[in-house]
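*Asks:* What shape does this take:
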Amino acid sequence: MIKKLNLLQIIPRMDVGGAETGCMHVAEYLEKSSHKSSILTSGGNLLKLIDKNKINIFRWPVSKNFFLILINIFVILFIILIKKINICHVRSRGPAWSSYFACKIANIPLVSTFHGTYNFKSKIKKFYNSIMLKCDIVIAGSDYILNHIYTNYKTDKKIFVIKRGIDTDYFSIKNVSDAEEQKLRNYLNIPHDKFLLLLPGRLTYWKGQKLFIEAINLLKSQNKFNDCFALIVGSEQGRKKYKNELIDLVSKYNLNNFVKIAHSINKIPVAYSISNLVISSSIEPEAFGRVSVEAQSMEKPILASNIGGSTETIIHEKTGWLFKSESPSELANSIEMIKKMDKKILDSVGRQGRKNVLDNYSKDTMCSKTLEIYESLV
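*Replies:* Numbering: from 1, shown residues only. Sure, this is the predicted structure:
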């Protein structure tokens, strides 16, 4: 008989992001599978979506501050003892140091997930990152991350690849009504008669919003964007200066009638639903590339940079397209090519994208494989 799991996940914050969403999905999946689940975090908007009656939430500063790392050894140990935790899962480097020593003292297994490539320009930074590889089992969120680990860290440890998953019921065209579409169009003043390009993702330089605007300017200067409209959606998360730079760039190129920059939308599937083409123009590799998967799940054609996780999740010219990273002209040419395609072809790409996600990137598949890892340790 399999022993009941009592899991504690440790993550700095529960704001919108891949690691955070995965943490929430795993916690919910375990609870539905008759196991117990807890999360230790500093806070975050995603906590509003979690049923506190079913999942224990411990709010405490979880960060890379050296003194907090030391203090949190005892905080985590205290939670392990009072809640009778029998397995921990850490999703970030700072708390990984605290979790490692707390789990050693408590003699329980520790799992880590590499959610990104992490900065390792100095030996000190590389040593700091290496704690993620000292856990009992290490999970990589994509083949790209797996290759990154083996290329950059001297380890013969077996790394388990569990590809990230999304809620395919939430990211479904069946989850969006005509009324919701119309409401969003009216709210953001989005025209009905334009080919709509959507670039979702938090506002930060490496997500490539500036590259996207540069590509639009190239198309506009050639009179190839008059039948299009672009929507950039994402939370600034304190990066007001960067958001203002984007607004200034739009104004500089006289694109105010063609580009809209909006804050995070409460129900992002609605934005996907009204779009004709989804863009992911990251200039640094995505560990997984959640936008590419969400777009496919919504049966929308996706055009993404040919780096990182998107090269795995997109089947080029079947479920979407890849363009040369950091090249505004390549992005512009790809947009022009796709918007000229027959609607039947684009619809077919969308349907094949949906099938790709259902077969490979659902949250239930991710969670069940993660549960198998936990059960192998307890």
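*Asks:* the strands in this protein, which residues?
*Replies:* 6-10, 36-41, 56-59, 87-90, 110-114, 137-140, 159-161, 195-200, 228-233, 259-262, 277-280, 302-305, 321-323 (DSSP state E).
*Asks:* List the strands paired with the fifth one, with their directions.
*Replies:* To tie it back to what came earlier, the one meant is strand 110-114. Using DSSP bridges, the strands paired with strand 110-114 are strand 87-90 (parallel), strand 137-140 (parallel).
*Asks:* follow-up on the earlier one: turn the strands of the chain into CSV, including distance to Y170, mean pLDDT and mean neighbour count.
*Replies:* C-betas here are computed from N, CA, C, even on glycine. Shown next, in CSV, are the strands of the chain (distance: least, C-beta to C-beta, whole Å; pLDDT from 0 to 100; neighbours: other C-beta atoms under 10 Å):
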stretch, distance to Y170, mean pLDDT, mean neighbour count
strand 6-10, 21, 99, 25
strand 36-41, 20, 98, 23
strand 56-59, 21, 98, 16
strand 87-90, 23, 98, 27
strand 110-114, 22, 97, 25
strand 137-140, 23, 97, 22
strand 159-161, 24, 97, 15
strand 195-200, 14, 98, 22
strand 228-233, 16, 98, 22
strand 259-262, 20, 96, 20
strand 277-280, 16, 99, 28
strand 302-305, 17, 99, 27
strand 321-323, 25, 99, 21
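*Asks:* want to try CSV for the ones you listed, with distance to E330 as columns?
*Replies:* Formatted as CSV, the strands of the chain follow (distance: least, C-beta to C-beta, whole Å):
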stretch, distance to E330
strand 6-10, 40
strand 36-41, 40
strand 56-59, 45
strand 87-90, 39
strand 110-114, 29
strand 137-140, 29
strand 159-161, 29
strand 195-200, 15
strand 228-233, 17
strand 259-262, 19
strand 277-280, 12
strand 302-305, 9
strand 321-323, 5
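*Asks:* Tell me which of these sits nearest to E375.
*Replies:* E375 lies closest to strand 87-90 among these, at 9.3 Å (C-beta to C-beta).
*Asks:* what's that closest one in contact with?
*Replies:* 5-11, 26, 76, 80, 96, 99-100, 102-103, 108-113, 132, 135, 374, 377-378 (C-beta atoms under 8 Å, 6 or more residues apart in numbering).
*Asks:* Quick one: the strands paired with strand 110-114 as CSV, columns for distance to K32 too.
*Replies:* Shown next, in CSV, are these (distance: least, C-beta to C-beta, whole Å):
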stretch, distance to K32
strand 87-90, 17
strand 137-140, 20
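*Asks:* Which residue ranges make up the domains of the chain?
*Replies:* 6-165+363-377, 173-360 (automatic domain parsing).
*Asks:* tell me the contacts of S280?
*Replies:* Taking C-beta under 8 Å, 6+ apart, one finds 199, 201, 208, 286, 289, 291-292, 295, 302-305, 310 in contact with S280.
*Asks:* which non-adjacent residue is nearest it?
*Replies:* Using C-beta to C-beta, 6 or more residues apart in numbering and skipping the chain neighbours, the partner closest in space to S280 is A304 (3.9 Å).
*Asks:* so that neighbour touches V293, yeah?
*Replies:* No: with contact defined as C-beta atoms under 8 Å, A304 does not reach V293; the gap is 10.4 Å.
*Asks:* burial count for the closest residue to K134 other than its chain neighbours?
*Replies:* Nearest non-adjacent residue to K134, counting by C-beta to C-beta, 6+ apart: Y100, 5.9 Å away. Under the neighbour criterion other C-beta atoms under 10 Å, Y100 is assigned a count of 21.
*Asks:* circling back to that earlier point, which single one of the contacts of S280 is nearest to L231?
*Replies:* Using C-beta to C-beta, L199 comes nearest to L231 of those, at 7.3 Å.
*Asks:* Is the closest residue to that closest one other than its chain neighbours bridged to anything, and to what?
*Replies:* Closest residue in space to L199, ignoring its immediate chain neighbours: I279 at 4.4 Å, by C-beta to C-beta, 6+ apart. Taking DSSP bridges as the rule, I279 bridges to L303.
*Asks:* could you pull out the helices for the stretch 251-378 of the chain?
*Replies:* 268-274, 290-297, 310-313, 328-339, 343-360, 363-377 (DSSP state H, counting those that start in this stretch).
*Asks:* which one of those lies closest to K32?
*Replies:* Once the helices of the stretch 251-378 of the chain are compared by C-beta to C-beta, helix 363-377 is nearest, at 9.2 Å.
*Asks:* What's the mean pLDDT across that closest one?
*Replies:* Averaging pLDDT along helix 363-377 yields 97.
*Asks:* Send me that helix as PDB with only the CA atoms.
*Replies:* The C-alpha trace of helix 363-377 is given here as PDB (Å, rounded to 0.1, in the frame of the first residue of the first chain):
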ATOM      1  CA  LYS A 363      -1.500  19.800 -16.200                       C
ATOM      2  CA  ASP A 364      -2.900  16.400 -15.300                       C
ATOM      3  CA  THR A 365       0.000  14.700 -17.100                       C
ATOM      4  CA  MET A 366       2.500  16.900 -15.400                       C
ATOM      5  CA  CYS A 367       1.000  16.400 -11.900                       C
ATOM      6  CA  SER A 368       0.600  12.600 -12.300                       C
ATOM      7  CA  LYS A 369       4.200  12.200 -13.200                       C
ATOM      8  CA  THR A 370       5.200  14.500 -10.300                       C
ATOM      9  CA  LEU A 371       3.100  12.300  -8.000                       C
ATOM     10  CA  GLU A 372       5.000   9.200  -9.200                       C
ATOM     11  CA  ILE A 373       8.300  10.900  -8.300                       C
ATOM     12  CA  TYR A 374       7.000  11.700  -4.800                       C
ATOM     13  CA  GLU A 375       5.600   8.100  -4.300                       C
ATOM     14  CA  SER A 376       9.000   6.700  -5.300                       C
ATOM     15  CA  LEU A 377      10.600   8.500  -2.400                       C
END
